[in-house]
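J.: give me a model of this one.
(one chain, ligands or ions: 1)
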Amino acid sequence: MSNAAKNKLPEVEIPDVRTPKILQGQKALVTGANSGIGKGIALELAKAGADVVVNYIVDPDSALDLVDQLKEQGIASFAFKADVSNEANVIEMFHQAVKELGAIDILINNAGLQRDAPFEEMTLEQWNKVIGVNLTGQFLCAREAVKIFKKRGVNREISCSAGKIIHISSVHEVIPWAGHANYAASKGGVMMLMKSIAQEVAPHRIRINSICPGAIRTPINKSVWSTPEAYDKLMELIPYRRIGETDDIGRLAAWLASDHADYINGTSIFIDGGMTLYPGFATGG
Ligand code: BGC
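T.: Coordinates of the predicted model:
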């Protein structure tokens, strides 16, 4: 029997913590917001009082459904289709966001994908697709957001910062990942992109950080949680012995975007149930 199976813990029910309105009056743009982690973040930002632009590229119905759910929180929201790896699409999206909402205070640079392959079989197309969306996409969106934040500056009635960017990276910005060289390279790139921009724009009171999720229950990794065998195997990599949920990430994003986190700048926050603790060493080494 595996260690994970021996140490089996019950699934947890996370209480629906009442979210204070720590983002009241702020405007957020979330890329890849219509599913997975992006959706979880959009819902939590709205609960915290922010208006939310829902960026998507496929499945418009899910984006429109989410907009309806967000509006139920009493905030403004609209969906915008844009490929984050396409410069013209990104420029148009930010233009539209400012036109409709009057400002953007928060960018959640979330859109991301995997195209896995053993290294010698990885095609240039698989490489370029992952780097294009996960890294170039985060660059293009961050660049437009920084322009907007600098132009407006600090509006103290809204926030003590001129703007916030949260890059959604991964534990794989530090954990190498065989069979996923393109993905791990993109996330390693996100780390240095985030830190370099943070250093450059901090004097403008713009805060830039990354959230690094471990295994979160989303469509991207369904194969590792959808059967009991796969789930048990996954637990061997997670000392806290549960998979993450999208609202775990959403609550962190809402807090990190708020003035409660005003002195946090240029850092990666890992949210992974201990996946980065070298779990293989728990029983020796
Ligand atoms: C990947 C998931 C994976 C997790 C932990 C994430 O960045 O997208 O597929 O389960 O890292 O390995």
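
J.: all helices for the stretch 151-285 of the chain, in order.
T.: Along the stretch 151-285 of the chain, the stretches classed as helices by DSSP state H, counting those that start in this stretch are 181-201, 228-235, 246-257.

J.: which strand residues bridge the spatially most central residue of the chain?
T.: With distances taken as CA atoms, centre = their mean, the residue of the chain nearest its centroid is Ile168 (3.2 Å). Ile168 forms beta bridges with Ile211, as assigned by DSSP bridges.

J.: returning to what we had before: deepest in the core, which of the helices of the stretch 151-285 of the chain is it.
T.: Sort the helices of the stretch 151-285 of the chain by mean neighbour count, taking mean count of other CB atoms under 10 Å, and helix 246-257 sits at the top with a mean of 23. Any C-beta I mention is one placed from the backbone N, CA and C, and that applies to glycine too.

J.: following element in sequence after the helix or strand of the chain at the bottom of the mean pLDDT ranking, please.
T.: Lowest on mean pLDDT, DSSP states H and E among the helices and strands of the chain sits helix 3-6, with a mean of 55. Using DSSP states H and E, the helix or strand that follows helix 3-6 in sequence is strand 27-30.

J.: paired strands for that next one, with orientation please.
T.: Assessed with DSSP bridges, strand 27-30 is paired to strand 51-56 (parallel), strand 106-109 (parallel).

J.: how many residues are close by the closest residue to the ligand within the stretch 51-200 of the chain?
T.: Distances between the stretch 51-200 of the chain and the ligand by CB to the nearest ligand atom are smallest at Ser170, namely 3.2 Å. Other residues within reach of Ser170, judged by other CB atoms under 10 Å, total 29.

J.: got a pLDDT number for the closest residue to it other than its chain neighbours?
T.: Distance criterion CB to CB, 6 or more residues apart in numbering; nearest residue to Ser170, sequence neighbours excluded, is Lys187 at 4.5 Å. Lys187 is assigned 99 on the pLDDT scale.

J.: how about the residue nearest to the centre of the chain, what does it touch?
T.: Contacts for Ile168 (CB atoms under 8 Å, 6 or more residues apart in numbering) come out as 37-38, 41, 108-110, 112, 210-211, 213, 249.

J.: and the stretch 1-150 of the chain, which of its residues are near the ligand?
T.: Contacts of the stretch 1-150 of the chain with the ligand, taken as CB under 6 Å from any ligand atom, map to Gln114.

J.: low-confidence ranges, the stretch 1-150 of the chain, go.
T.: For the stretch 1-150 of the chain, applying pLDDT under 70 flags the ranges 1-8, 10-18.

J.: ok, which stretches of it are helices?
T.: Counting by DSSP H, counting those that start in this stretch, the helices of the stretch 1-150 of the chain are 3-6, 36-47, 60-71, 87-101, 124-130, 137-152.
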